[in-house]
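# need a 3D model of the sequence below.
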Amino acid sequence: MPQTHIATLPLRTRSGVLARLRTALLTVLTRLRARLRLGHLDAHLLRDIGLDPQEVRRECTKPFWQP
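Numbering: from 1, shown residues only. So this is what the prediction gives:
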């Protein structure tokens, strides 16, 4: 029967990977929340803050991984 070897990363490397993963997840969630809030603003409010409704639509339809 073949043996399975599981490679383990040193603790320092694992914590670095987890920290980067956490940062990436928080960035994605922040981006999603901001786009949702922006998408709920009406045209009057968008004009007040100097944004074009078409520009906002483009921003709100971007995939979550795109800045």
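
# please count neighbours and contacts with C-alpha atoms only from this point.
OK.

# center of this structure - which residue?
In the chain, the residue lying closest to the centroid (Cα atoms, centre = their mean) is residue 28, at 1.2 Å.

# that one against residue 64, yeah?
Yes. Counting by Cα atoms under 8 Å, residue 28 touches residue 64, with 6.2 Å between them.

# tell me where the model's unsure across this protein.
1-2, 4-9, 11 (pLDDT under 70).

# now with 80?
Filtered on pLDDT under 80, the chain yields the residue ranges 1-14.

# helices or strands up against the longest helix seen in it?
As assigned by DSSP state H, the longest helix anywhere in the chain is helix 11-39. Under the contact criterion of 3 or more Cα pairs under 8 Å, 6 or more residues apart in numbering; DSSP states H and E, helix 11-39 touches helix 53-60.

# quick one: the helix it packs on to helix 11-39, angle?
If you take axes from the mean of the first three to the mean of the last three Cα atoms, to 10 degrees, helix 53-60 sits at 150 degrees to helix 11-39.

# report all helices and strands that helix 53-60 contacts.
Counting by 3+ Cα pairs under 8 Å, 6+ apart, helix 53-60 packs on helix 11-39.

# okay, buried residues for the helix it packs on please.
Buried positions in helix 11-39, judged by neighbour count with 16 or more other Cα atoms under 10 Å: 28, 31, 32, 35, 38, 39.

# right, and the helix or strand after it?
Next along the chain after helix 11-39, taking DSSP states H and E as the criterion, comes helix 43-48.

# ok, residues contacting stretch 60-67?
Where contact means Cα atoms under 8 Å, 6 or more residues apart in numbering, the residues beyond stretch 60-67 that reach it are 28, 31, 32, 35, 36, 38, 39.

# excluding its backbone neighbours, what's nearest the second one?
Same thing as residue 31. Spatially, and ignoring its direct neighbours in sequence, residue 31 is nearest to residue 64 (7.0 Å; Cα to Cα, 6 or more residues apart in numbering).
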